[in-house]
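Novice: attaching a predicted model along with its sequence, questions to come.
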Amino acid sequence: MASRDETTEDFSSKMADIVMGGYVCLALALGNRAGLWDIMCTFDEPKTSKEIADAAGLKPKFVKEWLGAVVAPGIVDLDSSGEKFFLPMHRRNALTEGTPGATNYTEYACGLPVLMKDFDQMPTAMKVGGKGITGLSWDDECPGWAWYQHLSVDFMQSHMVNGVVPTNKGLREQLEKGISVLEVGCDVGTATNVIAENFPNSNVIGIDINDEALKKARADAQLKKLKNVCYDIQDIYNLPSEWSDKFDHVYTIDTIHGLRPRGSLKGIFRSLKPNGTLNLIELKGNAKMVDNKDLVNAPYLYMSNLIMNMEDHDHGHGDEDDHSHDQHDHSHDKPDQSHDHGHEEKKSKDNECEHTESSDIRDDYGQDSELRPCGDGPGWWWGKDNIFKAVKEAGFKSAEEHKIPGSYTHVVYVCTK
């Protein structure tokens with residue numbers, strides 16, 4: 001509810017800030033794609049717009065206009081002469097990739113033009129009977145795929161070792177000494193290879209159902225000459241019996257919300273050694289909108305979910321009821337994957353029985369969510385209460401929610417068998 005003291009002028013000022021911030025967001029994104037932020041970070045003293053343009057190989061008149069858009073909100077400084085520009089050192093980590101523990105916000109800004117490419121189709125898609133939007137393609141040449149990959153790589157490289165690992169008491173020391181590690185839903189292996197590269201004494205396995213993604217993961221591991229990592233196609237609902245009590249540590253990133261939590265978490269539980277740990281990394285959020293009002297990432301996540309669900313996956317059936325369960329939310333899942341691990345054919349009779357046992361549709365978790373479900377699971381905002389419930393029912397003796405330093409989108413649930 002609005003504050004009793006809020007005036008029309010107060011709200012107008014607020015709206016002005018929001019709308020102008022949208023244009024700043026476009027400037028952040030353009031600077032990212034044009035390489036201007038990287039160029040600005042090479043300077044140790046103020047430069048003219050022409051010097052910046054020349055260094056970037058861009059047209060000076062366009063660079064000068066761009067600089068005006070990032071000087072006004074206080075991102076780039078303009079000196080007293082009005083001719084030279086400088087990006088202070090303390091701002092650079094938030095505008096470029098590769099700094100441990102830092103978030104590259106310009107990459108999130110790039111989501112605005114990527115997600116809004118079908119903007120003119122969206123009003124029609126929202127109408128009853130309206131046709132869905134063309135949507136994003138997730139092949140290697142698509143801007144949507146490139147954007148997703150940049151977000152994933154930036155998060156995993158920046159936060160896995162220096163953000164996620166320290167939330168587990170003693171885990172860094174164990175990894176340095178050497179333990180067995182499993183990533184569930186590893187996709188192209190970015191996080192798996194990061195862990196393997198930083199902790200060469202530990203043995204790391206990444207599993208997924210997407211063979212093409214695993215080929216890329218293996219190629220990246222080979223390029224980095226990693227000897228302590230391997231990849232395998234596995235169904236989390238039906239892991240090999242010899243994998244029981246096999247791993248010291250398991251982690252999964254943005255995966256369980258697209259699976260049946262009960263079946264997938266029980267599979268992980270069985271794979272862990274006694275007192276082994278699971279890092280369940282999920283988006284920060286709650287099942288009910290009323291509990292998300294103060295989350296800084298809420299507008300980004302709600303709009304991403306809205307736009308992805310407008311996509312015309314069924315040749316024009318863009319008006320399914322809100323409770324429809326056949327729509328797949330791509331906004332935070334691995335592209336080119338349905339996450340439908342439970343529908344893989346298995347020859348083992350024992351595995352077939354195990355699959356049947358855990359085949360409850362969405363396991364009841366997240367049914368109170370006000371958003372669409374995701375793939376086989378409850379959706380990316382199924383809520384921490386449901387997560388704690390699912391973890392407990394899977395058999396874990398404890399679970400704690402931890403913030404990930406530098407990340408405003410994700411949290412990690414540290415669970416102990």
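Specialist: Sure, I can see it.
Novice: roughly how far apart are the residue nearest to residue 46 when sequence neighbours are not counted and residue 77?
Specialist: Excluding the flanking residues, the one nearest residue 46 by Cβ to Cβ, 6 or more residues apart in numbering is residue 84, at 3.5 Å. To be clear about C-beta, it is placed using only N, CA and C from the backbone, and glycine gets the same treatment. As judged by Cβ to Cβ, to the nearest Å, residue 84 and residue 77 stand 9 Å apart.
Novice: hey, what's in contact with both of the two?
Specialist: Jointly contacting residue 84 and residue 77 under the rule Cβ atoms under 8 Å, 6 or more residues apart in numbering are residue 46.
Novice: of the two, which one has the most company?
Specialist: Between residue 84 and residue 77, counting by other Cβ atoms under 10 Å, residue 84 is the more crowded of the two (17 against 14).
Novice: give the contact list for the nearest residue to residue 35 once chain neighbours are set aside.
Specialist: Spatial nearest neighbour of residue 35, excluding adjacent residues (Cβ to Cβ, 6+ apart): residue 56 at 5.7 Å. Shown in contact with residue 56 (Cβ under 8 Å, 6+ apart): 34-36, 39, 63.
Novice: relative to residue 58, how far out is the residue nearest to residue 46?
Specialist: 17 Å.
Novice: how about the strands in the stretch 151-300 of the chain?
Specialist: For the stretch 151-300 of the chain, strands defined by DSSP state E, counting those that start in this stretch occupy the ranges 180-184, 203-208, 229-233, 247-253, 272-283.
Novice: now render these as TSV, adding distance to residue 161.
Specialist: Output for the strands of the stretch 151-300 of the chain, formatted as TSV (distance: least, Cβ to Cβ, whole Å):
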stretch	distance to residue 161
strand 180-184	13
strand 203-208	13
strand 229-233	15
strand 247-253	12
strand 272-283	12
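Novice: which one of these lies closest to residue 292?
Specialist: strand 272-283 (10.7 Å; Cβ to Cβ).
Novice: quick one: strands adjacent to the closest one?
Specialist: strand 247-253 (parallel), strand 410-416 (antiparallel) (DSSP bridges).
Novice: rewinding a little: mind putting the strands of the stretch 151-300 of the chain in a markdown table, mean neighbour count, distance to residue 6 and mean pLDDT included?
Specialist: Listed next are the strands of the stretch 151-300 of the chain as a markdown table, based on neighbours: other Cβ atoms under 10 Å; distance: least, Cβ to Cβ, whole Å; pLDDT from 0 to 100:
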| stretch | mean neighbour count | distance to residue 6 | mean pLDDT |
| --- | --- | --- | --- |
| strand 180-184 | 25 | 47 | 98 |
| strand 203-208 | 25 | 49 | 97 |
| strand 229-233 | 18 | 54 | 97 |
| strand 247-253 | 24 | 40 | 97 |
| strand 272-283 | 20 | 30 | 96 |
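Novice: state the distance from residue 393 to residue 93.
Specialist: Distance of residue 393 to residue 93, computed by Cβ to Cβ: 40 Å.
Novice: of those two, who's got more company?
Specialist: Between residue 393 and residue 93, residue 93 has the larger neighbour count (other Cβ under 10 Å), namely 19 against 15.
Novice: closest to residue 111 out of the strands of the stretch 151-300 of the chain?
Specialist: Within those, the stretch nearest residue 111 is strand 272-283; the backing value is 14.3 Å (Cβ to Cβ).
Novice: any idea of the angle that closest one forms with strand 180-184?
Specialist: Strand 272-283 and strand 180-184 are oriented at 40 degrees to each other (axes from the mean of the first three to the mean of the last three Cα atoms, to 10 degrees).
Novice: in a helix, residue 37, correct?
Specialist: Yes. Applying DSSP: H, G, I helix; E, B strand; the rest coil, one finds residue 37 inside a helix.
Novice: tell me where the stretch 1-150 of the chain has helices.
Specialist: Ranges of helices in the stretch 1-150 of the chain, per DSSP state H, counting those that start in this stretch, are 8-33, 36-40, 49-56, 60-71, 89-92, 105-109, 111-115, 122-126, 143-159.
Novice: nearest to residue 172, of those?
Specialist: Going by Cβ to Cβ, the one of the helices of the stretch 1-150 of the chain nearest residue 172 is helix 143-159, 14.0 Å.
Novice: run a quick neighbour tally on residue 125.
Specialist: Residues near residue 125, counting by other Cβ under 10 Å: 22.
Novice: ok, now which ones touch it?
Specialist: For residue 125, the contact set (Cβ under 8 Å, 6+ apart) comprises 131-133, 310, 312, 318.
Novice: give me that answer again for 7 Å
Specialist: 131-133, 310, 318 (Cβ atoms under 7 Å, 6 or more residues apart in numbering).
Novice: same question for residue 163.
Specialist: By Cβ under 7 Å, 6+ apart, the neighbours of residue 163 are 101, 404-407.
Novice: re the thing from before, nearest to residue 48, out of the strands of the stretch 151-300 of the chain?
Specialist: Of all those, the one in closest proximity to residue 48, counting by Cβ to Cβ, is strand 272-283 (42.5 Å).
Novice: what angle separates the closest one from helix 143-159?
Specialist: 120 degrees.
Novice: go ahead and confirm residue 97 touches residue 104.
Specialist: Yes. Using Cβ atoms under 7 Å, residue 97 is in contact with residue 104, at 4.9 Å.
Novice: buried set for stretch 205-224?
Specialist: Of the residues in stretch 205-224, 205-210, 213-214, 216-218, 220-221 count as buried by neighbour count, 16 or more other Cβ atoms under 10 Å.
Novice: got phi/psi on the nearest residue to residue 79 once chain neighbours are set aside?
Specialist: The shortest distance from residue 79 to any non-neighbouring residue, by Cβ to Cβ, 6+ apart, is to residue 46 (5.1 Å). Backbone torsions of residue 46, given as degrees, to the nearest 10, read phi -60, psi 150.
Novice: ok so, going back, next, format the helices of the stretch 1-150 of the chain as a markdown table and append mean pLDDT and distance to residue 302.
Specialist: Converted to a markdown table, these look like this (pLDDT from 0 to 100; distance: least, Cβ to Cβ, whole Å):
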| stretch | mean pLDDT | distance to residue 302 |
| --- | --- | --- |
| helix 8-33 | 96 | 15 |
| helix 36-40 | 97 | 27 |
| helix 49-56 | 98 | 35 |
| helix 60-71 | 98 | 26 |
| helix 89-92 | 95 | 28 |
| helix 105-109 | 90 | 14 |
| helix 111-115 | 88 | 12 |
| helix 122-126 | 92 | 14 |
| helix 143-159 | 74 | 17 |
